[in-house]
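> fold the following and give me the result.
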Amino acid sequence: MNGKQIVAEALQPVLPDWEMSDIEVKIERPKDEKLGDYAFPTFTLAKTLRKAPNLIASEMAEKIDPSKFEKVQAVGPYVNFFLNKSQVGAEILKEILSDPENYGARNIGQGRNVSTEYSSPNIAKPMGMGHLRSTMIGESIARILAKEGFKPIRIDYLGDWGTQFGKMMAAYKMWGDDAEIEKDPINTLLSYYVRINKEAADHPEYDDAGREWFAKLERGDEEAKRLWTWFREVSLERFKRVYKMLDVDFDSYTGEAFSATMMDEPVRILREKNLLVKSQGAEIVDLEKYNLPPLMVIKSNGTSTYITRDLATAMYRKKTYDFYKSIYVVGQEQEVYFQQLRACLKEMGFDWADDIVHISFGLMSINGQKMSTRKGNVVDLEDVLNQSVDLARKQIAEKNAGLANADEVAKQVGIGAVVFHDLKNYRRNPIDFNLEEVVKFEGETGPYVQYARARGESLLRKSGIKGFDDVDLTKIGEAEWDLVSFMGRYADVLQKALETYDPSAVAKFALELAKRFNKYYAHTRILVDDVDEDVKKARLAVVKAVSEVIKSALNLLDVKAPDEM
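Numbering: from 1, shown residues only. Okay, here's the model as predicted:
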């Protein structure tokens, strides 16, 4: 039970007509800690009770059961609550230590399915740093969903269909060297793609060739199918290697090509409802009533577009997974497109279109430089992860030369550093990536949080303590209360992260908890003879709780928590 719940339960008898959830929403944290741990504003009651808010606050404060509080007092229009530090602190610690894995979870999902699409790289191209954002935001949201009782269905919707692959085939046919491709499939294919895009300015026939090859693929041409299958297989092999490094796994790798086999149904529905309108030889859906631009469904040459496949995909996922929500983790430049997708599905008669959620995010730059696959200035994600591990290995060697499993810890720290840097930022903000800054053990970094926890684990090992069942958890003082009360907010943080689909709430919580623990560690004596034994054990219980909560938060971010560093 967290502090907000304790306050809400105390308020419930005084507000018998209110639901607990409505009470909790109104409870605030005073900006000045001297005014208490929590506050309840009475402004909303003034109209119904026809009394001044400060008078309502005074009357409420007198009626509240003070047994779980050091004091309850009215200050102006607020009822301020000072929690009983030893009692409430003991309850929070007991809850963490008894079931650390589930601490903060509320099972609000009740096993409902949430289809979650993220990463979604294009075949025949390397996974660049730009894919890190979608991959890690999506994976973290899936983990938060699972923590809260939902069943995330992880989908890697591969970009494996469209004119760009016709271009790739045209380029291969003009310049392809099988021996060269066998040595380094992805980078070689990328070089062909970059070349055909660069030279198309002087050779417009290259674009025509690309369109023709894609048309062949849509018609089922054997050579086009052979090339497409080859491109897809070598790409997926490379992607899975990166996913393994990131500890990411998907339930489905079906991409646009799979959806392309199901396009007849949405097109049929659109025709039956007279939603398709001819426009300059193409067929579009007019969305003017939604204040949105029209959607091109069929091009003038008769080929499909992205939306045709996305309509089929949405219908397939609803039928297959009966989703509660269908999440798409895609860059913010696609916001209008997803509004169009929802609007088109509504026009087709699907009320569940409102359950489609576009989770947008800002772009990533590398040392201030934008990336573009088409122009060839892409930074390979796998290379960056390997470089990050090397940097972490050097720092670990300097700090702890005798570490037994140094290579494994270097992987956990190096890769965790890259992931944490991505997720600590509000997802819609653009971010700039500088590897040297990301892997530092100081500052607002993943290694800083990991190291704080490793410090705690080292202290616990030195103490020799085996368990906390017989520890008097009420023996905590003011210094411990700062940590324990902060950990009591974990459920609220998870709720915020879920409601906003924003993992940065969890990352910022982990950072702040690490800072508070490092301050506590620097100023509090624990393993010394002149500290009372019961107090010593209670302090160690706090250290263990901090270690468990940091580990839980890092796991939701898909960052490992090594016991030693």
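> what residues go with each domain of this structure?
With domains defined by automatic domain parsing, the chain comprises 3-83, 381-556.
> out of those, which is the most enclosed?
domain 381-556 (a mean of 19; mean count of other CB atoms under 10 Å). (C-beta placed from N, C-alpha, C; glycine too.)
> quick one: that domain to chain centroid distance?
19 Å (CA atoms, centre = their mean, to the nearest Å).
> for stretch 347-366, same thing?
Offset of stretch 347-366 from its chain centre (CA atoms, centre = their mean): 15 Å.
> and that stretch, what's buried?
Using 16 or more other CB atoms under 10 Å as the test for burial, stretch 347-366 gives 347-348, 350, 352-353, 355-362, 364-366.
> out of these, which are inside helices?
In this view, these that belong to helices under DSSP state H are residue 347.
> nearest to residue 338, of the buried residues of stretch 347-366?
Minimum separation from residue 338 among those (CB to CB) is found for residue 358, which lies at 3.7 Å.
> residues in contact with that closest one?
Contact analysis of residue 358 by CB atoms under 8 Å, 6 or more residues apart in numbering lists 328, 330, 334-335, 338-339.
> most neighbours among the residues you listed, which one is it?
If you count neighbours using other CB atoms under 10 Å, the busiest of the contacts of residue 358 is residue 328, which has 25 neighbours.
> doesn't it fall inside a strand?
Yes. With DSSP: H, G, I helix; E, B strand; the rest coil as the criterion, residue 328 is assigned to a strand.
> can I assume it is in contact with residue 360?
No. With contact defined as CB atoms under 8 Å, residue 328 does not reach residue 360; the gap is 9.1 Å.
> where does the stretch 351-500 of the chain have low pLDDT?
Counting by pLDDT under 70, the stretch 351-500 of the chain contains low-confidence residues at 368-377.
> got it, and the chain?
For the chain, the stretches flagged by pLDDT under 70 are 1, 368-377.
> quick one: the strands in it?
Assigned by DSSP state E, the strands in the chain fall at 38-41, 69-75, 78-83, 113-117, 151-155, 276-279, 282-285, 295-298, 325-329, 356-359, 364-366, 431-433.
> make a markdown table out of the ones you listed and add distance to residue 491.
What follows is these, written out as a markdown table (distance: least, CB to CB, whole Å):
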| stretch | distance to residue 491 |
| --- | --- |
| strand 38-41 | 14 |
| strand 69-75 | 20 |
| strand 78-83 | 15 |
| strand 113-117 | 20 |
| strand 151-155 | 19 |
| strand 276-279 | 49 |
| strand 282-285 | 43 |
| strand 295-298 | 41 |
| strand 325-329 | 21 |
| strand 356-359 | 22 |
| strand 364-366 | 31 |
| strand 431-433 | 28 |
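> hang on, the earlier thing: could you dump the domains of the chain to CSV with distance to residue 158?
Rendered in CSV, the data for the domains of the chain read as follows (distance: least, CB to CB, whole Å):
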stretch, distance to residue 158
domain 3-83, 41
domain 381-556, 16
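> compare those domains and give me the one nearest residue 200.
With distances scored as CB to CB, the stretch of the domains of the chain nearest to residue 200 is domain 381-556 (27.0 Å).
> now do the contacts for the residue nearest to residue 523 when sequence neighbours are not counted.
Setting aside the residues directly before and after it, residue 523 is nearest to residue 479 in space (CB to CB, 6 or more residues apart in numbering), at 7.1 Å. Contact analysis of residue 479 by CB under 8 Å, 6+ apart lists 520, 523-524.
> any idea how far residue 423 is from residue 479?
If you measure residue 479 against residue 423 using CB to CB, to the nearest Å, the figure is 30 Å.
> follow-up on the earlier one: for the strands of the chain, which one sits closest to residue 398?
Proximity to residue 398 (CB to CB) singles out strand 431-433 among the strands of the chain, at 23.5 Å.
> one step back: so can I have JSON lines of the contacts of residue 358 showing distance to residue 500?
As requested, the contacts of residue 358 are exported to JSON lines (distance: CB to CB, whole Å):
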{"residue": "328", "distance to residue 500": "16"}
{"residue": "330", "distance to residue 500": "17"}
{"residue": "334", "distance to residue 500": "19"}
{"residue": "335", "distance to residue 500": "16"}
{"residue": "338", "distance to residue 500": "17"}
{"residue": "339", "distance to residue 500": "19"}
